[in-house]
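Trainee: got a sequence here, can you build the structure:
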Amino acid sequence: MQARPIEFLPTVSEILTQVGADRILASHPVSTTPPVAAREAERQWQAGLSALTSLLHRIARDPEAMQPEYRQSTRSCGIILCGPQAIWSQTESNEHFITRLFSSGRSLAQLPGGISPDAPKTIELAMPDSGTIPLLGGDPLTGDRFCVVLTSEFSIALVLGIDRHGMPAFQFSFDPQAIATVWASLRSRVLLTHAAQLDALDALVCQFTPVAPHYKTVMRFSQLLLQSLPEAVPAETVRPLPGQSTANPSRRPAKTETPTPAPAPDPAKMCDDREETPPDVELLQALAHEVRTPLSTIRTFTRLLLKRRNLDPDAVKWLETIDRECSEQIDRFGLIFRAVELETSSVKKSPLHLTRTSLEQAISHCIPRWQKQACRRGLKLEVSLPQTMPQVVSDPTMIDQVLSGAIDNFTSGLPAGSHVTVKVLLAGHQLKLQLKSEPPNPEISVHSSPLKSIGQLLMFQPETGNLSLNLTVTKNLFQALGGKLVVRNRPHQGEELTIFFPLE
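Mentor: Numbers count the residues shown, from 1 in each chain. Here you go, the predicted model:
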């Protein structure tokens, strides 16, 4: 059977996944199951629409903010291209923004994830004068809830769809190149289903070609997004950390996969949950958000600058350094945030989505990053892999990040000139990953700077300023991944880490 042209057109979520769009978290939370991921993605999608609505209201209220050439050429402040859900119920949306709705032709009540009567009033469909562009039956775009906005100040694409791991995810991008790619995919659909509108739509888009935003716009959007996040209703009851009183209520798993707005939480229960959560955990969660938000903004602009042509080689070098440092810190705090979720989860058994995982693929993907990091620290890192490596049972969405975190923590305290060996061996029904170090001088202590404990979760290294998870939390994290971490101290040689993963 011959494939139809529509099947070759990428969806908005596929495009943003390919270009590495921004996300509130670097990857899925610890409770990585489709229902949990769907609920979290729905929260982020609603917050993203609310943040975008605030930005568009500001433009609509202040037409003078538009650049002069746009004020002279059009009465509109911009264009909104969206899926079955639009973002404004105000009449000024018709006055200031041209909206086009991509629809499969079904009613809103029939659409997956359609508008709920309990949804926020600022996120409703009200476009009496706006055009509707039909989609062909079977178009995968109908599975995305998306919104693309083109203005003279900024361009943005938001989507609630599926990520590369097949999990529900909210993504957004201010990258003009990514926006242009999204528009090209939407334009091809218009050509197939409503060619009569194409010339007029092309003329509109030409007035608002994708542009790079001012950094303050991205910062403002990120702040509004975090402020707009609805109160999370956890899928599992929070439990105290070790040493505190515990309760072990049972939980019935959700039966529906379609994300729906969460019911209003019981204030009394919320109060009880807050009392059970240790203050340092709440502080750590807030700190992780506050650190990742500005770093994500800096990384976004750095990558936009790197796409410019004719950049000075020295400028490229420094921008790549900024991008790398931001990414490492975002990943570090993302891992800390997930570990906090694991430590405060009442469900200890299989909180992650464990499945067949290629450890060889995960390690091979990480080797260049590990070696560059070791080189910057004056270390030599050698990785030894067997010729054949059977698959293991773990979480493929997290295993590379947790391994990278363990190696980062292991190498951060080594003296310059040390030789680090990462070796993978077959050990019966398990794969064994060993991490050893050899100091340049046997008389030099490998860990010259003792780690200091911060609260119940973290360790702090005064010499470098690095934060890391303590040993107990790290072991729990590997246990959640289906593995086991064993640490052995060697005289004058520091620690030896051994990680076991069960074979598939």
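Trainee: counting contacts, what elements does the helix or strand containing residue 326 pack onto?
Mentor: Counting by DSSP states H and E, the element that carries residue 326 is helix 313-343. For helix 313-343, the elements it packs on are helix 279-306, helix 399-412, strand 466-469, helix 471-480, judged by 3 or more CB pairs under 8 Å, 6 or more residues apart in numbering; DSSP states H and E. Where C-beta positions appear, they are placed from N, C-alpha and C, glycine not excepted.
Trainee: just the C-alphas of the second one, formatted as CSV.
Mentor: Think helix 399-412. Output in CSV follows, covering the C-alpha atoms of helix 399-412 (Å, rounded to 0.1, in the frame of the first residue of the first chain):
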residue,chain,number,x,y,z
ILE,A,399,20.1,5.9,32.4
ASP,A,400,22.6,8.1,30.5
GLN,A,401,21.9,11.1,32.8
VAL,A,402,22.3,9.1,36.0
LEU,A,403,25.5,7.5,34.8
SER,A,404,26.9,10.9,33.7
GLY,A,405,26.0,12.3,37.1
ALA,A,406,27.9,9.5,38.8
ILE,A,407,31.0,10.0,36.7
ASP,A,408,30.8,13.8,37.1
ASN,A,409,30.7,13.3,40.9
PHE,A,410,33.4,10.7,40.8
THR,A,411,35.9,12.8,38.8
SER,A,412,35.2,16.2,40.4
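Trainee: for the record, mean pLDDT for that helix?
Mentor: Across helix 399-412, pLDDT averages out at 86.
Trainee: could you chop this structure up by domain?
Mentor: Annotated domains of the chain cover 5-218, 268-343, 355-502 [automatic domain parsing].
Trainee: how far off helix 399-412 does the helix holding residue 326 point, in degrees?
Mentor: Helix 313-343 runs at 110 degrees relative to helix 399-412, counting by axes from the mean of the first three to the mean of the last three CA atoms, to 10 degrees.
Trainee: continuing past helix 313-343, what's the next helix or strand?
Mentor: strand 355-357.
Trainee: for that next one, buried residues please.
Mentor: Within strand 355-357, the residues that count as buried by 16 or more other CB atoms under 10 Å are residue 357.
Trainee: pull up the pairing partners for that strand, direction included.
Mentor: Here strand 355-357 has these sheet partners by DSSP bridges: strand 392-394 (antiparallel).
Trainee: what residues does the strand it pairs with touch?
Mentor: In this structure, residues lying in contact with strand 392-394 by CB atoms under 8 Å, 6 or more residues apart in numbering are 354-357, 359, 431, 481-483, 501-504.
Trainee: tell me where the stretch 151-300 of the chain has helices.
Mentor: Applying DSSP state H, counting those that start in this stretch to the stretch 151-300 of the chain gives helices spanning 176-193, 198-207, 215-228, 267-276, 279-306.
Trainee: any chance of those helices in TSV, with distance to residue 363 too?
Mentor: Formatted as TSV, those follow (distance: least, CB to CB, whole Å):
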stretch	distance to residue 363
helix 176-193	30
helix 198-207	44
helix 215-228	33
helix 267-276	38
helix 279-306	25
